[in-house]
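Chemist: this one's structure only:
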């Protein structure tokens, strides 16, 4: 029988202490593979601005150039549901106080160019570009880049802000069984209506009058969007808040197709 020398047994013992067992080698390999996958995943999500940043919405603010005032402090909120709100404060108008303009409507982003188009309630469409740093740049009236050294940028806000200044809208109001909704007639934006203001109650009275018929009530109002509990439960959804009723316009047509009951 072959007998291993003491020196051979000592060398084998040292090898077993220094080299991992087969089970240990498998575990080390799995850990290395996991770390490698994690590293690659991190590399894929490193970009500072996600390509879907505008798709998920957000709020931006900046002072845009103004020909006859100190600047137009613009706040733009893009909601994930495809609606937007914009408030523009004309600073120091004619040497006096600020004048605030507001509009609401719908927005969409072009997949190929990334250009964002706002379909407004009271103006021509507005165009913006999402920049690599997360800011928005307002484009010219044709959707192109403005050829000027002046800044047309809006910076992203870390926290959303409430935009409650009412916009002048023409809406088609429909009341059904203790529920109401309205369609903004230019952008086609349809949302429930909060039943808490005198403006809403005036619309409800017009819609439920004996001579009102089944057609929606078309009216000019001052209104804004807010996230409120509507109907049963505590769920909060985007809804119209009618700040005031300006006029009923029964002979006026609402251009976008109105939703079914």
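Modeler: That came through, no problem. Remember, predicted model here, so these are calculated numbers, not experimental data. Residues are numbered from 1 along each chain as shown.
Chemist: In stretch 74-87, which residues have enough neighbours to count as buried?
Modeler: For stretch 74-87, the neighbour count (16 or more other C-beta atoms under 10 Å) marks 74-79, 82-87 as buried. Every residue, glycine included, has its C-beta placed from N, CA and C.
Chemist: cool, stretch 166-176 as well?
Modeler: For stretch 166-176, by 16+ other C-beta under 10 Å, it's 166-167, 169-175.
Chemist: which residues does residue 127 contact?
Modeler: 115-118, 138-140, 143 (C-beta atoms under 8 Å, 6 or more residues apart in numbering).
Chemist: what pairs with it across the strands?
Modeler: Note on residue 127: beta-bridge partners by DSSP bridges are residue 117.
Chemist: Could you point out the helix or strand that follows the lowest-mean-pLDDT helix or strand in the chain?
Modeler: Across the helices and strands of the chain, mean pLDDT, DSSP states H and E gives its lowest value to helix 22-44, namely a mean of 36. From helix 22-44 onward toward the C-terminus, using DSSP states H and E, the following helix or strand is strand 58-64.
Chemist: Partner strands of the helix or strand following that following strand, with direction?
Modeler: Downstream of strand 58-64, the first helix or strand assigned by DSSP H and E is strand 72-78. Note on strand 72-78: by DSSP bridges, its sheet partners are strand 58-64 (antiparallel), strand 83-90 (antiparallel).
Chemist: just so I know, which of those strands lies nearest residue 159?
Modeler: Among the strands paired with strand 72-78, the nearest to residue 159 by C-beta to C-beta is strand 58-64 (7.8 Å).
Chemist: Can you give me the buried ones in that closest one?
Modeler: 58-62.
Chemist: Output those in JSON lines; the columns should cover pLDDT.
Modeler: Below are the buried residues of strand 58-64 laid out as JSON lines (pLDDT from 0 to 100):
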{"residue": "58", "pLDDT": "92"}
{"residue": "59", "pLDDT": "95"}
{"residue": "60", "pLDDT": "97"}
{"residue": "61", "pLDDT": "96"}
{"residue": "62", "pLDDT": "95"}
